[in-house]
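**Student:** need a 3D model of the sequence below.
(2 chains)
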Amino acid sequence: MKSDVVVKVEGVRKKFCRSLKRSLWYGMKDMAAEICGSTSPHNQLRSGEFWAVDDVSFELRRGECLGLIGRNGAGKTTLLKMLNGLIKPDAGRIEMRGRIGALIALGAGFNPILTGRENIYVNGSVLGLTKREIDEKIDEIVDFAEIRDFIDSPVQSYSSGMQARLGFAVASSLAPDLLMVDEVLAVGDVAFRMKCYRRILDMIRSGTGVILVSHSVVDLSRVCSRGAVMASGAMSFLGPLDSALLAYERLPNGQNGATNPSFRSLVKLGPVTQVGRPGRSPIECSTGDSITLRLHVHTEIKIRKARVLIHLDSARAGRLCSISTKKAGLEWNFLPGYSFVHLTIHEVPLLRGAYQLYFDLYGEKIDDYYGVCGPIEMIITGPPTDPFGFGAYHTLMLDLKWDLCRGEHNDSVTC
Amino acid sequence: MSALEENISSTPLGKDAWPEAAQVDRAQSELPITIYTPESPLRHPGKLIKEMLRDLLASRELAWRLFVRDFSAMYRQSIFGYLWAFLPPIAVTLTFSYLNRQSIINVAETPVPYPAFVMIGTLLWQTFFDSLNSPLKVVQNAKPMLAKINFPREALILSGLADVLFNFAIRLSLLIPVFLYYRISLTSSLLLVPVGVGGLILLGFALGMLITPVGLLYGDVVRAVALFGGFWMLLTPVVYPPPTSGLGALLANWNPVSPILLTCREWLTGQPPIHFGGFLLISAGSLIVLLVGWVLYRLSMPIIIERMGG
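**Tutor:** Now for the predicted structure:
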């Protein structure tokens, strides 16, 4: 292992069982095997089991922050639990160097009846701090958590946000070589989250390797330099954060396009191509570009007064718009054979990221539905966005004009 | 939001601020290396023993914290507080003294007045039974913590031990008025009582550690222990002197608790320690069982955490 590598994960797998009864019984068997020092491989799935983490490999260096992204149940927490030594891998190998701090749950070990101060000592020693270390750090911890007025009240009177603040404050005073944070920052308010991320950034600068699990793309882009996408236990992408976020947003979300079954053999929508770009690769452009798309339609029946709809989706923001040809006052008839719908989008107002397009074909009446084409990837490749408030961020680019005016009172403004 | 804005503007983090070249001079080679593989730790017994000792040492401070936490939390939401620790032995003593005086039960001659005899026996039995239940109880209560934080697992057992010792100590104070009231003579053998109690606790923890892994997976174990505990106490010479013949004698002789409890009581009351041989034998056996149980506990913990989820 090279000296600046903090974590090295090689081909790690972990199986889980859905049924509780069976899971407990397998647990008994696993214990027996462990006690006998059995060498038989854990590589076979038993009935009812599945791979919760499937053949994951990666490396993390000092001062590097890896964002772990994936939908619920993709295996992120299981992977972190293995890294933290809570559970054993069923295959593969994990090697780590230095002190490990994991925030898999804020406030684990908090006793509701004890005061905040007492809990700091308990929690600190659970995380491996000695009494003297806690004595030295307690003021800093209390200040960071901003709970000085409540420090001698029982923790059960704290709000969940206050508990989260206290938990993070204790855990982050560990000064670990590797820090793992599992979605726990989501409970705090924005100001506190910013504070946490600043502390994480400080730790990264001082050489800590960080693994961060979050569903918040914004939060990840604040601190992470690299991203890993997990889907059904496997690591489907590992690379620069931007590309990882694109890969995450491109994960299928279950709703696949389908043609209305009764017209499946008669009407075929797609593919969609970008005029001026070869092949069937995803649609690509920069913010503000104008692009022209071509939708291929083949029909064996005549469709009168047809409506074509375009839908635009963002994995982050949901459906952004649905616009019909009827809006432009168009009434097209599709004749049997091939037709091509050309659609120009002027000055695409989307910021960098991945989006999905869908095309629907309808007839004259509301329920004359012929089919859908999509999702079609649409990637806005640039210009770069800025999550720290120095540029544009999130979904939409607006054409803005700002002015600064001076005035005596609220109502006497002179520009 | 002004504070927030201030926060942001005070750290202008453009993409160029990424700490890619975090040049930190740490003594890389001195950092401990942790390796996790699917292999059973039993394959490397030397390493396993070293880790067990290391974790045991590392867990003292945490064990103390956990004990203080449980202890101060337990009595904070209670009016009678510490009184609850005294009440069970008093209740048992009163019950059996009453039954004996009314001749509902017929207990053979005891070396000290019967109420004192019952109280001593109950105290000792209670300490054994607390020890037996302790490992499973502390680990069960720590489940949420176990599923999320990696800490030396030995700390839980040690905090349970501190709890057992503390409860024994406050119950022991009950004996002072009893010894004074019944004028039981104090002999030099009293000095051996800590050894005897150590034996009781050792046996309790040895058996407790053995049942802990299965008990964490299946709730049946806790119920079974609660049910059989009552019978077991009555089959052990706790509230009566050891029978010399019949089934009672057989049960008392083949009961691992008997020689230890009896030796303890003999030392407390200044009687000749006629069960000392059994005491040594059982204690040695308990020590071995305890070490085996410790290994089982360590090996089974990751498997149990995996099965009980987060």
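**Student:** from here on, contacts and neighbour counts on C-alpha atoms
**Tutor:** Fine.
**Student:** I'd assumed B:P256 was in contact with B:T236.
**Tutor:** No: applying CA atoms under 8 Å, one finds B:T236 not in contact with B:P256, separated by 9.2 Å.
**Student:** give me the more crowded residue out of these two.
**Tutor:** Neighbour tally, B:T236 and B:P256, criterion other CA atoms under 10 Å in any protein chain shown: the higher count belongs to B:T236, 27 against 20.
**Student:** roughly how far apart are that one and chain A?
**Tutor:** 32 Å (CA to the nearest CA, to the nearest Å).
**Student:** poorly predicted segments of the chain, please.
**Tutor:** No chain specified, so I'll use chain A. Counting by pLDDT under 70, the ranges of chain A that qualify are A:1-2, A:39-41, A:106-109, A:250, A:252-265, A:279-281, A:409-415.
**Student:** if you could check chain B rather than the one you did, that'd help
**Tutor:** Using pLDDT under 70, chain B drops low at B:1-30, B:309-310.
**Student:** OK, contacts around residue 31?
**Tutor:** Unless you meant another one, I'm taking chain A. B:L299, B:S300, B:I303 (CA atoms under 8 Å, 6 or more residues apart in numbering or on different chains).
**Student:** let's do chain B instead
**Tutor:** A:R97, A:G98, A:R99.
**Student:** can you point me to the longest helix in chain B?
**Tutor:** helix B:276-308 (DSSP state H).
**Student:** list the buried residues in that one.
**Tutor:** B:276, B:278-280, B:282-283, B:286-287, B:289-290, B:293-308 (16 or more other CA atoms under 10 Å in any protein chain shown).
**Student:** which members of the residues you listed additionally contact chain A?
**Tutor:** When CA under 8 Å from any CA of the partner chain is applied, the members of these adjacent to chain A are B:L296, B:L299, B:S300, B:P302, B:I303, B:I304, B:I305, B:E306, B:R307.
**Student:** list phi and psi for the closest residue to A:V142 other than its chain neighbours.
**Tutor:** Counting by CA to CA, 6 or more residues apart in numbering or on different chains, A:V142 lies nearest to A:R148, which is 5.9 Å off, once chain neighbours are set aside. When read as degrees, to the nearest 10, the backbone of A:R148 gives phi -50, psi -40.
**Student:** quick one: A:R148 from chain B, how far?
**Tutor:** 18 Å.
**Student:** so what's the residue count around that residue?
**Tutor:** Neighbour tally, A:R148, other CA under 10 Å: 14.
**Student:** could you do B:P32 as well?
**Tutor:** Neighbours of B:P32 using other CA under 10 Å come to 11.
**Student:** that one contacts A:P176, correct?
**Tutor:** No: the criterion here is CA under 8 Å, and B:P32 misses it with A:P176 at 12.0 Å.
**Student:** joint contacts of those two?
**Tutor:** Contacts common to B:P32 and A:P176, judged by CA under 8 Å, 6+ apart, are A:G98, A:R99.
**Student:** so which residues on the stretch 101-250 of chain A come close to chain B?
**Tutor:** A:102-105, A:108-109, A:111, A:113-114, A:118, A:121-122, A:125-128, A:130-131, A:190-191, A:194-195, A:204-207, A:225.
**Student:** got the contact list for the nearest residue to A:G161 once chain neighbours are set aside?
**Tutor:** Closest residue to A:G161 apart from its sequence neighbours, by CA to CA, 6+ apart: A:G188 at 4.9 Å. A:G188 makes contacts with A:G161, A:M162, A:A164, A:R165, as judged by CA under 8 Å, 6+ apart.
**Student:** hmm, which of those are the buried ones?
**Tutor:** Applying 16+ other CA under 10 Å to the contacts of A:G188 flags A:G161, A:M162, A:A164, A:R165 as buried.
**Student:** can you tell me how far the residue nearest to A:G161 is from chain B?
**Tutor:** Taken as CA to the nearest CA, the span from A:G188 to chain B is 13 Å.
**Student:** mind checking the SS state of A:L400?
**Tutor:** coil (DSSP: H, G, I helix; E, B strand; the rest coil).
**Student:** okay, now it: neighbour count?
**Tutor:** 5.
**Student:** same check, this time on B:F67
**Tutor:** Neighbours of B:F67 (other CA under 10 Å): 23.
**Student:** same deal with A:E140?
**Tutor:** Using other CA under 10 Å: A:E140 sits among 15 other residues.
**Student:** in the strand or helix carrying it, what's buried?
**Tutor:** Following DSSP states H and E, the helix or strand that holds A:E140 is helix A:131-145. For helix A:131-145, burial by neighbour count (16+ other CA under 10 Å) applies to A:K131, A:I134, A:I138, A:I141, A:V142, A:F144, A:A145.
**Student:** of all these, which comes closest to chain B?
**Tutor:** A:K131 (7.9 Å; CA to the nearest CA).
**Student:** which ones are touching the closest one?
**Tutor:** So A:K131 contacts A:Y121, A:S125, B:E61 (CA under 8 Å, 6+ apart).
**Student:** mind giving me the ChimeraX select for the residues you listed, buried ones only?
**Tutor:** Buried members of these, defined by 16+ other CA under 10 Å, are picked up in ChimeraX with:
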select /A:121,125 /B:61
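**Student:** identify, from the contacts of A:K131, the entry nearest to B:Y36.
**Tutor:** The closest of the contacts of A:K131 to B:Y36 turns out to be A:S125 (CA to CA; 23.4 Å).
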